[in-house]
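Engineer: from the sequence below, what's the structure:
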Amino acid sequence: MTSTLRNIALAGTVLAGLGFAAPSQAALIITPGNNPQPNQANVIDNPCTGAIAGPALTIQGCLNTDSTKLVNFTALENIQYAAGGQARIVAQDGDFSNLTISYADGSAFTSLILNIDANAAGSVTFTGIPGGTSAPFALSASGNNFFTITGESFTSISFITTVGIIGLDLVSDVAQVRIGTAVPEPASMALFGMGLLGLGIASRRRRQDGEA
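Structural biologist: The predicted model follows:
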């Protein structure tokens, strides 16, 4: 085995030992209810730097902690914001049945909380990219259908609603949206740095041994 191949193999062993192994199978965990997660921020509709206000197929909000971090809300019909501080999404014609949420810059997020206000009883199915599609969850017409979504570093999360009457748009609005982004743990980053330092020392010693 050449010195380069040995270094690559050693790097893989060190990274795996520090928890940087290949990711496991994608997961999509849906928990009914409002269960706050670490590093979450509210999505608001104003003031946001450079956001699309709508009505449009895609409108944008931003984080209450960063007016430049834009969040896309995309539907198959024109949507817009209702009055209020937090982003409350409604359809231009009154009701809608599907929505996709993602960061405008394509970055990943690790959790999402939203409240789906339904105008009739039905069900909702979520799809995470990555993560796959969930089983259907019941929606009540009470106006309080909170869901907490975790389990993966998502690039987008979508939902679609169904009801017994085919063609009926079930959602009056989506509100109280919170989104969470992972922050590297200092201890993990320190271990990672120590591992790289160790690899550098080992590589240098090999070069010195070869020159001797």
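Engineer: use CA for all of it now, contacts and neighbours both
Structural biologist: Will do.
Engineer: ok, for residue 140, nearest residue in space, not its chain neighbours?
Structural biologist: Nearest residue to residue 140, sequence neighbours excluded (CA to CA, 6 or more residues apart in numbering): residue 121, at 4.6 Å.
Engineer: any idea how far residue 64 is from the one you found?
Structural biologist: Going from residue 121 to residue 64 by CA to CA, to the nearest Å gives 32 Å.
Engineer: can you give me the strands in this protein?
Structural biologist: Secondary structure of the chain (DSSP state E): strands located at 29-32, 40-44, 56-63, 66-81, 89-91, 98-103, 111-118, 122-129, 132-133, 137-139, 146-150, 156-162, 171-180.
Engineer: for the residue nearest to residue 140, grab the count of nearby residues.
Structural biologist: 14 (other CA atoms under 10 Å).
Engineer: repeat for residue 172
Structural biologist: Applying the criterion other CA under 10 Å, we find 20 residues in the vicinity of residue 172.
Engineer: can you read off the pLDDT for it?
Structural biologist: You'll see residue 172 listed with a pLDDT of 93.
Engineer: neighbours of the nearest residue to residue 117 once chain neighbours are set aside, just the number please.
Structural biologist: Closest residue to residue 117 apart from its sequence neighbours, by CA to CA, 6+ apart: residue 143 at 4.3 Å. Neighbourhood size, residue 143 [other CA under 10 Å]: 17.
Engineer: what does residue 174 give?
Structural biologist: 22.
Engineer: got the domain boundaries for this structure?
Structural biologist: For the chain, the structural domains run 1-23+184-212, 33-181, going by automatic domain parsing.
Engineer: most packed of the ones you listed?
Structural biologist: The highest average neighbour count among the domains of the chain, using mean count of other CA atoms under 10 Å, belongs to domain 33-181 at a mean of 19.
Engineer: roughly how far is it from the heart of the chain?
Structural biologist: 11 Å (CA atoms, centre = their mean, to the nearest Å).
Engineer: worst mean pLDDT among the domains of the chain?
Structural biologist: domain 1-23+184-212 (a mean of 51).
Engineer: how far away is the residue nearest to residue 117 from residue 115?
Structural biologist: For residue 143 relative to residue 115 (CA to CA), the value is 8 Å.
Engineer: ditto for residue 49
Structural biologist: 25 Å.
Engineer: can you check residue 161 too?
Structural biologist: Distance from residue 161 to residue 115, by CA to CA: 13 Å.
Engineer: try residue 148
Structural biologist: Residue 148 is 9 Å from residue 115, by CA to CA.
Engineer: residue 139 now?
Structural biologist: 10 Å.
Engineer: overlap in contacts, these two.
Structural biologist: Common contacts of residue 139 and residue 115, defined by CA atoms under 8 Å, 6 or more residues apart in numbering, comprise residue 145.
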